[in-house]
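Novice: let's see this in three dimensions:
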Amino acid sequence: MAIIKCSECGRAVSDKAPACIGCGAPLTADDRHASFSREPVQTAQAPLTPAQLRWRLALASLTLVLGVIVADAVGRHPGLPQVARTLAALLVTTGLVWFIVAILQNVQSRR
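Specialist: Okay, here's the model as predicted:
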């Protein structure tokens with residue numbers, strides 16, 4: 001059994017499958033003889049500049065800090081509606097995820 005690439009959607013599927021599990025397109029004989037490469041595909045986009053990476057990291061940090069401040073303020077006032085607590089949690093979560101992604105992009109760009 002080999003892994004092949006669907007000619008319609010590009011998804012990796014078994015050569016034994018009658019159709020692609022992603023798009024449902026029937027696998028042809030040409031598909032079954034095509035090899036699948038695990039190598040990453042290079043994008044046409046230019047890599048981010050160091051200045052762009054620094055800005056992303058700064059904005060992510062600001063979002064995270066702002067989220068923590070808002071969450072603290074909401075926590076001090078128990079009478080606020082649930083929407084305020086939800087928005088504060090969303091802001092903290094968004095800031096944290098964006099901060100982690102920005103750090104990973106920064107580390108990857110240095111390689």
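
Novice: so the residue lying closest to residue 109 once chain neighbours are set aside is in which element?
Specialist: Among residues not flanking residue 109 along the chain, residue 53 sits closest, at 5.9 Å (CB to CB, 6 or more residues apart in numbering). Glycine gets a C-beta too; all of them are placed from N, C-alpha and C. Under the criterion of DSSP states H and E, residue 53 resides in helix 50-76.

Novice: and that helix, what does it pack against?
Specialist: helix 82-109 (3 or more CB pairs under 8 Å, 6 or more residues apart in numbering; DSSP states H and E).

Novice: give the residue farthest from the middle of this structure.
Specialist: Of all residues in the chain, residue 79 has its C-alpha farthest from the mean position, at 36.0 Å, by CA atoms, centre = their mean.

Novice: the bottom helix or strand of this structure by mean pLDDT?
Specialist: Ranked by mean pLDDT, DSSP states H and E, the weakest helix or strand in the chain is helix 29-33, scoring a mean of 68.

Novice: and stretch 5-18, average pLDDT?
Specialist: Taken as a whole, stretch 5-18 has a mean pLDDT of 80.

Novice: again, but for stretch 94-108
Specialist: Rounded mean pLDDT across stretch 94-108 is 89.

Novice: show me how the chain divides into domains.
Specialist: The chain breaks down into these domains under automatic domain parsing: 3-33, 50-109.

Novice: I'd like to know which of those domains is closest to residue 44.
Specialist: Of all the domains of the chain, domain 3-33 sits nearest to residue 44, with 16.0 Å by CB to CB.
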